[in-house]
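Engineer: here is my input; please provide its structure:
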Amino acid sequence: MKTVAVTGASRGIGREVALKFLKEGWAVHAIARDLAACRALGEHVTAHEADLSDAASTARVADDLAKAGVDVLVNNAGIAMSAPIHKTSDADYARIMAINVTAPFVLCRALLPAFGGRGSGRIVNIASTAALKGFKYTSVYCASKHAVLGLTRALALEWAGKGVTVNAVCPGWTDTDMFAASAGTISKTTGRSTEESRAALAKLIPTGRPTQPAEVAELVFWLASSTAAAAVTGSAYSIDGGETA
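Structural biologist: Model (predicted):
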């Protein structure tokens with residue numbers, strides 16, 4: 001049975017990615033702070049409780065995954081915040097970078113030698129449209145996602161001759177807790193209803209709707225294929241309803 005490791009697997013995109021691989025007969029290492037939610041994903045799940053903002057916790061799960069011999073790594077865990085740069089603290093910066101950049105780096109470093117030794121392996125980093133363009137009031141988040149894309153491209157070239165692929169998936173507005181939080185912020189600042197706020201966000205998307213987490217999961221699963229996507233590496237796939245077209 002093939003095995004995938006998914007960070008941030010307890011909710012949103014990470015949960016849908018884990019469920020997709022389980023549906024296709026894979027075993028899943030689910031990593032998140034919410035251990036119960038990871039265990040609730042179903043059979044063939046090994047749950048790992050980890051706070052990827054903490055270096056020791058990240059190192060521990062990296063060691064566990066290296067020993068487990070996984071075939072695919074999906075670096076999905078991430079956090080965002082919205083604030084002008086002069087209201088962004090050092091602590092905010094450090095936490096976003098730790099989860100969005102350092103944790104993927106540490107996990108890739110732990111697993112790539114074994115991937116290369118076997119002559120196979122897939123890494124899919126969940127970036128964002130913020131890896132492809134700038135957005136106001138999200139300087140640290142944009143910086144972190146640009147860093148993830150740079151890491152993806154560099155590792156893709158470094159390991160291309162060893163049967164390993166490294167790619168990035170760049171979702172735009174996706175119907176997750178982050179989308180709900182953004183709609184909530186609009187409601188709070190404008191007095192609009194939740195439905196009106198969601199509709200206002202949807203107008204920013206050419207297709208008129210947010211991407212569904214399950215749609216992102218389908219793309220991730222394709223990139224994890226040992227055959228269909230074997231020649232795809234160093235790529236950044238937008239899945240954003242045309243936002244970056």
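Engineer: which strands and helices lie in contact with the one helix or strand Ala103 maps to?
Structural biologist: Under the criterion of DSSP states H and E, Ala103 resides in helix 103-118. If contacts are counted by 3 or more C-beta pairs under 8 Å, 6 or more residues apart in numbering; DSSP states H and E, helix 103-118 sits against strand 3-7, helix 55-68, strand 72-75, strand 121-126, helix 139-159, strand 164-171. Bear in mind the C-beta positions are built from the backbone N, C-alpha and C, glycine included.
Engineer: so which of these is the most surrounded?
Structural biologist: Ranked by mean neighbour count under mean count of other C-beta atoms under 10 Å, the helices and strands packed on helix 103-118 are led by strand 72-75, which reaches a mean of 29.
Engineer: C-terminal to that one, what's the next element?
Structural biologist: In N-to-C order, the element after strand 72-75 by DSSP H and E is helix 90-97.
Engineer: angle of the helix or strand of the chain with the lowest mean pLDDT against strand 164-171?
Structural biologist: Least confident helix or strand of the chain, by mean pLDDT, DSSP states H and E, is helix 177-190 with a mean of 84. On the basis of axes from the mean of the first three to the mean of the last three C-alpha atoms, to 10 degrees, helix 177-190 is oriented at 30 degrees to strand 164-171.
Engineer: list the buried residues for helix 177-190?
Structural biologist: Met178, Phe179, Ser182, Ala183, Ile186, Ser187 (16 or more other C-beta atoms under 10 Å).
Engineer: for the third one, list the residues it contacts.
Structural biologist: With contacts taken as C-beta atoms under 8 Å, 6 or more residues apart in numbering, Ser182 has the following neighbours: Ser82, Trp173, Leu201.
Engineer: burial count for the first one?
Structural biologist: Using other C-beta atoms under 10 Å, the number of residues around Ser82 comes to 15.
Engineer: what score does it have for pLDDT?
Structural biologist: Ser82 carries a pLDDT value of 89.
Engineer: related to what we said a few turns ago, give me the residues contacting the next helix-or-strand element following the least confident helix or strand of the chain.
Structural biologist: Using DSSP H and E, the helix or strand that follows helix 177-190 towards the C-terminus is helix 194-202. Applying C-beta under 8 Å, 6+ apart, the external contacts of helix 194-202 come out as Trp173, Phe179, Ser182, Ala183, Gly184, Ile186, Ser187, Thr190, Arg192, Gly208, Arg209, Pro210.
Engineer: what of stretch 149-157?
Structural biologist: Against stretch 149-157 from outside (C-beta under 8 Å, 6+ apart): 101, 104-105, 108, 112, 123, 125, 127, 131-132, 165-168, 170, 233-236.
Engineer: how close does the spatially most distant residue from the centre of the chain get to Ser197?
Structural biologist: Here the chain reaches farthest from its C-alpha mean at Gly191, the gap being 31.9 Å by C-alpha atoms, centre = their mean. Gly191 sits 10 Å away from Ser197, going by C-beta to C-beta, to the nearest Å.
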